[in-house]
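Undergrad: Give me the fold of what follows.
(2 chains)
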Amino acid sequence: MKNLIRKIKFIDKTFQYLAMAATFFVLIVLCVLIWNIFSNGLLRINGSFFTNLPSRHAERAGIMTALAGMGSLLVITIVIALPIGVLSGVYLEEYGKKNKFASFIEINIANLAGVPSVIYGILGLQLFVRMAKMGNSLLAGALTLSLLIMPIIIVATREAIKAVPDSLREASYGMGATKWQTTSRITIPSALGGILTGIILAVSRAIGETAPLLVIGALVYVPFVPEGPNDQFTTLPIQIFNWTTRPQEAFIINAAAGIVVLLLITFLLNGIAIYIRNKWYKKMRY
Amino acid sequence: MRYKEKLIEFLMMACSFISVLTTLAIIIILAVDSFQFFEEVSIKEFLTSKQWTPLFSEKHFGILPLLMGTLLTTTIAIAVAVPLGLTIAIYLNEYASPRFTAYVKPILETLAAIPTVVYGFFALQFVTPLLQQFIPGLGGFNALSPGLVMGIMIIPYITSLSEDALRAVPSSLREASYGMGATKFQTAFRVMVPAASSGIIVSIILAISRALGETMIVAIAAGQEPKFTFNPKESVETITTYIVQVSMGDVPQDSLEYRTIFAAGMTLFLFTFLLNNISFWMRKRFTIRYQ
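TA: Model prediction:
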């Protein structure tokens, strides 16, 4: 009996240490990844890295067109995806709660969120690039990314709206407000923190997307800054992908430097999202 | 006033209808060109041929090599992510202090926020050279390195969802187990994990679906050679890599070569669609269990 207890306790302790080791292992991998990239790329970053055009000579190549393309792409994507995504989320949570249409849409959105991004690329290629004859333009890329991040915005909006207490709505109805007045002046403003968090996370996701843009034909070499939605474009992840696949060491260092910039943008956005979420949660405790 | 209310409601409904249209568009677009593809290539060849060479002069259209590449990298990723992810979820929920969990969970979740092209770079430039020191005969492009890195990437998916599932188990169950004199290990594996099993299975299914559709890591580090092999030391091509490879090349539109990406995309879509629906159904069915 004593042996058995000792054995059981031994297993318990062993697992505890193994599990702790597993947790730290993953954290260490994350540190190694960041250290590896920063130690390779940080010294390459200087002023001209941000202002130079892409080039065949690694030391003269920069990320200006990639950054400009990424910025324009994101602005158009947000303009398209934000109103549609937020309105859908509000509708599903506030209006169409119990009918069959809403539950059908719910399955549908869960499915869309799980569709691989490369499939969205095929969709964009056929629907926007070819059928709508947009070519491999900024607009086609932004529409593709909009469809990709829409499920994320919808789900985040629904969660945020769900967290608004009913007492607020009832007070508004009690004052004689209509449903839309209540929704637009009470519910949505109270849920704004949660909605904003979801949107920032969706944007952060859109920034890192590479595969769907490659599929719709975004170019890897664009020596000009796009000026309108019909221009061709490249983005930072695509530029990084291009540099990563070159054999020359100097381009690998460029890729690492590009990744440093990309990671800083991603971490900044995620940090802002977490900050807003925490602030909003504190405010939401009525 | 009435009129405006109705108009807004209609507008919002139209917005949510876009998501339905998106799904329909994906299915129709994949189906139409796949259908045209299968007019020229027999389904038997597609499903049984062990060669995939649509871009060569001697053409074969067997999806099996691409499927093998996809399943191989996914299997490696899952073999890393499930044991590690689950162990971490159990550790954070049963052993670690709430303070530790509050710090570690957001850090783990940043793993999911890192763009996949970054993981691709890491796999090709760091993990592959590292592995080559221990494994003789490991190619510069191989299935092992991107598989391992993909496993690290999907750990937060498993940890987060499993930890939520474990936390949703009422603590009365845990206390009953402690009351019987069970250790934490026994409580975790005989009480908590079985009680949270549906949530844990959902997290694993979603992680598999994520790994199947992952593109950039394998496109960068696994190579572009469709091979009918299950040897992780060799380079392989996944379905996703093939789609990217063709769309980056200059294949003429409306050609058979062009349509191959739709047939390949359809195959991938069917797999992930099936997995997503199973997980959705399981989540719906089991969330009410402990209320």
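Undergrad: Name the nearest residue to residue A:104, sequence neighbours excluded.
TA: Of all residues beyond its chain neighbours, the one nearest residue A:104 is residue B:20 (7.6 Å), with distances taken as C-beta to C-beta, 6 or more residues apart in numbering or on different chains. Yep, even glycine has a C-beta here, placed from its N, CA and C like the rest.
Undergrad: Let me see the contact set for that neighbour.
TA: A:104, A:105, A:108 (C-beta atoms under 8 Å, 6 or more residues apart in numbering or on different chains).
Undergrad: Please convert the buried members of those into ChimeraX selection syntax.
TA: The following ChimeraX command selects only the buried members of the contacts of residue B:20, with burial defined by 16 or more other C-beta atoms under 10 Å in any protein chain shown:
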select /A:105,108
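Undergrad: could the contacts of residue B:20 be laid out in CSV, adding pLDDT and secondary structure?
TA: What follows is the contacts of residue B:20, written out as CSV (pLDDT from 0 to 100; DSSP: H, G, I helix; E, B strand; the rest coil):
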residue, pLDDT, secondary structure
A:104, 82, helix
A:105, 83, helix
A:108, 89, helix
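Undergrad: Contacts only, for the closest residue to residue B:116 other than its chain neighbours.
TA: If the residues on either side of it in the chain are set aside, residue B:116 comes closest to residue B:216, at 4.2 Å by C-beta to C-beta, 6+ apart. By C-beta under 8 Å, 6+ apart, the residues touching residue B:216 are A:210, A:211, A:237, A:241, B:115, B:116, B:117, B:119, B:120.
Undergrad: Serialize these to a markdown table and add fields for pLDDT, neighbour count and distance to residue B:254.
TA: As requested, these are exported to a markdown table (pLDDT from 0 to 100; neighbours: other C-beta atoms under 10 Å in any protein chain shown; distance: C-beta to C-beta, whole Å):
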| residue | pLDDT | neighbour count | distance to residue B:254 |
| --- | --- | --- | --- |
| A:210 | 92 | 28 | 26 |
| A:211 | 93 | 28 | 23 |
| A:237 | 95 | 27 | 29 |
| A:241 | 94 | 26 | 27 |
| B:115 | 95 | 23 | 33 |
| B:116 | 95 | 24 | 31 |
| B:117 | 95 | 28 | 30 |
| B:119 | 96 | 23 | 35 |
| B:120 | 96 | 29 | 31 |
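Undergrad: out of those, who's nearest residue A:195?
TA: Proximity to residue A:195 was ranked across these by C-beta to C-beta; first place goes to residue B:115, at 23.6 Å.
Undergrad: I'd say that closest one and residue A:207 touch.
TA: Yes - taking C-beta atoms under 8 Å as the definition, residue B:115 is a contact partner of residue A:207 at 7.1 Å.
Undergrad: any idea how far the spatially most central residue of chain B is from residue A:174?
TA: Among the residues of chain B, the one closest to the centroid is residue B:210, at 1.7 Å (C-alpha atoms, centre = their mean). Summarising the geometry, the distance separating residue B:210 from residue A:174, computed by C-beta to C-beta, to the nearest Å, is 46 Å.
Undergrad: same check, this time on residue B:128
TA: Following C-beta to C-beta, the distance that separates residue B:128 from residue A:174 is 65 Å.
Undergrad: Looking at these two, which one has more neighbours?
TA: With other C-beta atoms under 10 Å in any protein chain shown as the criterion, residue B:128 and residue A:174 differ in neighbour count, and residue B:128 comes out ahead with 22 against 8.
Undergrad: hang on, the more buried one in a strand?
TA: No - with DSSP: H, G, I helix; E, B strand; the rest coil as the criterion, residue B:128 is helix rather than part of a strand.
Undergrad: How about the stretch 151-286 of chain A: which residue is closest to chain B?
TA: residue A:208 (2.7 Å; C-beta to the nearest C-beta).
Undergrad: Let me know how buried that residue is, in neighbour terms.
TA: For residue A:208, using other C-beta under 10 Å, the count is 21.
Undergrad: again, but for residue B:55
TA: 14.
Undergrad: got it, and residue B:226?
TA: 29.
Undergrad: Residue B:15 contacts residue A:82, doesn't it?
TA: No - taking contact to mean C-beta under 8 Å, the distance of 11.1 Å between residue B:15 and residue A:82 leaves them out of contact.
Undergrad: So which of these two has more stuff around it?
TA: It is residue B:15, of residue B:15 and residue A:82, that has more neighbours when counted by other C-beta under 10 Å, with 21 against 18.
Undergrad: quick one: average pLDDT of the helix or strand harbouring the more buried one?
TA: Element membership for residue B:15, per DSSP states H and E: helix B:2-40. In this model, helix B:2-40 carries a mean pLDDT of 91.
Undergrad: So for it, what gets flagged as buried?
TA: Residues B:8-9, B:12-13, B:15-16, B:18-19, B:22-23, B:25-26, B:29-30, B:33-34, B:36-38 are the ones in helix B:2-40 that count as buried (16+ other C-beta under 10 Å).
Undergrad: After it, heading C-terminal, what element do we hit next?
TA: With DSSP H and E, the next secondary element past helix B:2-40 is helix B:43-48.
Undergrad: Phi and psi next, for the residue of the stretch 1-150 of chain B found nearest chain A.
TA: Per C-beta to the nearest C-beta, the residue of the stretch 1-150 of chain B with the smallest distance to chain A is residue B:115, at 2.7 Å. Main-chain torsions, residue B:115, degrees, to the nearest 10: phi -60, psi 150.
Undergrad: dump the residue contacts of it.
TA: For residue B:115, the contacting residues are A:207, A:208, A:209, A:210, A:237, A:262, A:263, A:266, B:216, taking C-beta under 8 Å, 6+ apart as the criterion.
Undergrad: What about these, which are in helices?
TA: Among these, the residues falling in helices (DSSP state H) are A:207, A:208, A:237, A:262, A:263, A:266, B:216.
Undergrad: need the residues you listed in a markdown table with distance to residue A:125, can you?
TA: Converted to a markdown table, these look like this (distance: C-beta to C-beta, whole Å):
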| residue | distance to residue A:125 |
| --- | --- |
| A:207 | 21 |
| A:208 | 20 |
| A:237 | 18 |
| A:262 | 24 |
| A:263 | 28 |
| A:266 | 26 |
| B:216 | 17 |
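Undergrad: which one of these is nearest residue A:215?
TA: Looking across these and measuring by C-beta to C-beta, the closest to residue A:215 is residue B:216, at 11.7 Å.
Undergrad: Give me the distance between that closest one and residue A:247.
TA: Between residue B:216 and residue A:247 the computed distance is 19 Å (C-beta to C-beta).
Undergrad: Ok, residue B:71 next?
TA: In terms of C-beta to C-beta, residue B:71 sits 30 Å off from residue A:247.
Undergrad: Neighbour count: those two, which is higher?
TA: Per other C-beta under 10 Å, whichever of residue B:71 and residue A:247 has more neighbours is residue B:71, with 17 against 6.
Undergrad: Name the SS class of the more buried one, please.
TA: When states are read from three-state DSSP, the local structure at residue B:71 comes out as helix.
Undergrad: all helices for the stretch 51-200 of chain B, in order.
TA: In the stretch 51-200 of chain B, the segments counted as helices under DSSP state H, counting those that start in this stretch are B:64-90, B:98-113, B:116-122, B:128-134, B:144-168, B:171-179, B:184-187, B:193-195, B:197-213.
Undergrad: and if you look at the stretch 1-150 of chain A?
TA: Secondary structure of the stretch 1-150 of chain A (DSSP H, counting those that start in this stretch): helices at A:2-41, A:47-51, A:64-90, A:100-114, A:117-124, A:138-162.
Undergrad: Return the most buried member of those helices.
TA: Greatest average neighbour count among the helices of the stretch 1-150 of chain A goes to helix A:117-124 (a mean of 27), per mean count of other C-beta atoms under 10 Å in any protein chain shown.
Undergrad: as a whole number, average confidence for that helix?
TA: For helix A:117-124, the mean confidence score works out to 95.
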